[in-house]
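Novice: Structure for the following, please:
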Amino acid sequence: MKNLYAVLSTVGPDRKGIADDIANIAIEYQCNIEDSKMSVLGGEFAVIMLISGDENSIGKLISGADTLGERFDMQINIKETSPPRKVQQGIPYILESISMDTPGIVHSITQYLRELSINVEDLETDKTAAPLSGTPMFHMRAHIIIPSSVNLADFKDRLYDIEHEKNLDIHLKAISG
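Specialist: Next up is the predicted model:
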């Protein structure tokens, strides 16, 4: 039987055992969790998960989304998707930005990446208080793939400009195999 893939996304009130409840959905429908991100955001627990299974299992999972949502008191969306794509050609990097929290940081950086057709594979942000002053500090970490068509020196120069324009501390590090 053909293996299919589905993306499950859900948001609901955070509570103890919620991660296990979500993970158990895959088992209950005889599917496998391929990849997932789970996080508490405010008072909500948010999940996005790639699930694989045979046609029958994925079909039942998709049609059971509303019932699962009621059972776990969450909004659950499930949609069929394509198989994971092959690794994109280019050099993988981690791009990090740390600064005082101000509006527009993510947009400034992602807009520049978009202009150069640099793919963002993963992006996470968080806000914490600086140790001594308590100043809100913003941290962004992105896994990007820089295609060989991008001149790395020019890319770093413009990133440096953004760093100074927005008062950021940006670090770019190649990921080695």
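
Novice: wait, what's in contact with the residue lying closest to residue 167 once chain neighbours are set aside?
Specialist: Leaving aside its sequence neighbours, residue 167 sits nearest to residue 99 (Cβ to Cβ, 6 or more residues apart in numbering; 6.1 Å). For glycine as for every other residue, the C-beta is placed from the backbone atoms N, C-alpha and C. If a contact means Cβ atoms under 8 Å, 6 or more residues apart in numbering, then residue 99 has 105, 137-138, 166-169 as its contacts.

Novice: Using the three-state scheme, assign residue 163.
Specialist: Under DSSP: H, G, I helix; E, B strand; the rest coil, residue 163 falls in the helix class.

Novice: how about it, what does it touch?
Specialist: By Cβ under 8 Å, 6+ apart, the contact list for residue 163 reads 97, 169-170.

Novice: which SS state does the residue nearest to residue 167 fall under?
Specialist: With three-state DSSP as the basis, residue 99 sits in strand.

Novice: do the same with the one 4 residues further on
Specialist: Reducing the assignment at residue 103 to three states with three-state DSSP gives coil.

Novice: Please apply the same query to residue 45.
Specialist: Classified using three-state DSSP, residue 45 is strand.

Novice: Nearest to residue 23 among the contacts of residue 99?
Specialist: residue 138 (30.5 Å; Cβ to Cβ).

Novice: The host helix or strand of that closest one packs against which elements?
Specialist: In this structure, residue 138 sits in strand 136-146 according to DSSP states H and E. Counting contacts by 3 or more Cβ pairs under 8 Å, 6 or more residues apart in numbering; DSSP states H and E, strand 136-146 packs against strand 91-100, helix 105-115, strand 119-129.

Novice: Cool, thanks, talk later.
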